[in-house]
Structures are given as C-alpha cells and as structure tokens.
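Undergrad: model this:
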Amino acid sequence: MTAQTDATATARVSAPAADTARLYQEGLVALWFLVVDVLHGRPLYTPTVLGTALFGRATVVGSYDTLPVSMDMVLMFTWVHGLTFAAIGGVASRLLAMAERDPNIGFGVLLLFVVFEFGFTVTAMLFAAPVLKALTWPAVLVANLLAAAAMGGYFWLRHPALEVSP
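TA: From the prediction side, this is the model:
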C-alpha cells in the first residue's frame, strides 16, 4: 500500500502543465512567424526556409529568396522543432527543480540560459547568414525574445518560491 504525498501529487500535475506551457510557447513563436509571413504575402515561408536549411536541401534549390513553400519541409521542421524544445523543456524543468533545493544552482541556471541565448544568436549570425537574410534578423530576434518571455513568465508562475543566489 502506498501513501500519496504532496510530492507525488505535484509530479502528476506538473507534467501535463509543462506540456501545455510548451505548446503555448511554441504557438507564440509560430504565430509571430506566421503573421510576419502573411504580411509579406508568403504564409509558411519561415518553416519552409528553416526546414530546407536544416535538412540540407538548400544546395539543390539555390536561393532562399525564391524558395517555394513546401508542406514537407514545414512538417519536418515543425516536428524536429517540437521535439527539440520538448527535450530542452525537460532539461530546464530538472534544473529548476534542483535550483529550488539550492539557490546557488539558480544563478547557474540563469547564467546558462543567457549563454544559451547568446550562443544561439552568434551561431545563427555566423553559420546561418543566408537564412537570416531570407527571414530578416529582427524577426528572428523578436521571436527569440517572445519565446524567452513566455518561458520566463511560465517558470516565474510555476516556481514562485525560486530564489537565485550568486
């Protein structure tokens, strides 16, 4: 016979809530790019460009500017993007659980997040210049800021007692 503790009840509640939050975060960024694409008259252009770049089909096509929208690329990129962020969300969840027990780890998690964002931006500027030219770097920067704000807001609400000590 087992007794249900507050810890087991919290674990059962937090997994679906975390999945729902990831859906909202992904939806927020996807909605931003959909709006940008629609305003430019090319719906689903962003996931097509990103899918083409990710799966190495850019050399076949040539220029990203003349790239036709491909539902195959949209679906493949969306699938990989979702899986990647589910994995990152799982790691972030574990790190925040550790940070709740030790406030010193919280500073490390915050620093890791800043380094991760900076690293993503620099890597994109160095290695994905044609993609950034096609998508415009301000749109990518705004999408990253929206995603960071959504994740930060979610974690702030889910972990109100979290303390960060340097």
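
Undergrad: packing partners of the helix or strand where Val49 lies?
TA: Following DSSP states H and E, one finds Val49 within helix 45-54. If contacts are counted by 3 or more CB pairs under 8 Å, 6 or more residues apart in numbering; DSSP states H and E, helix 45-54 sits against helix 6-39, helix 71-101, helix 129-135. For every residue, glycine as well, the C-beta is placed using N, CA and C.

Undergrad: pull the number of nearby residues for Thr84.
TA: Neighbour count for Thr84, taken as other CB atoms under 10 Å: 10.

Undergrad: one more: Val74?
TA: Neighbours of Val74 (other CB under 10 Å): 18.

Undergrad: grab the nearest non-local neighbour of it.
TA: Pro47 (4.4 Å; CB to CB, 6 or more residues apart in numbering).

Undergrad: for this protein, name the helix or strand with the lowest mean pLDDT.
TA: Every helix and strand of the chain was ranked by mean pLDDT, DSSP states H and E. The lowest is helix 58-61, at a mean of 54.

Undergrad: so what touches the helix holding Val49?
TA: For helix 45-54, contacts defined as CB atoms under 8 Å, 6 or more residues apart in numbering pick out 30, 33-34, 36-37, 58, 61, 64, 67-70, 72-74, 76-78, 80-81, 128, 130-131, 134-135, 139.

Undergrad: give the rounded mean pLDDT of that helix.
TA: Average pLDDT, helix 45-54: 86.

Undergrad: and for stretch 141-157?
TA: For stretch 141-157, the per-residue pLDDT averages 80.

Undergrad: Val36: neighbouring residues, count only.
TA: Val36, neighbours per other CB under 10 Å, totals 19.

Undergrad: residue contacts, Gly106?
TA: Contacts of Gly106 were listed using CB under 8 Å, 6+ apart, and they are Ala99, Glu100, Leu162, Glu163, Val164, Ser165.

Undergrad: much appreciated, bye for now.
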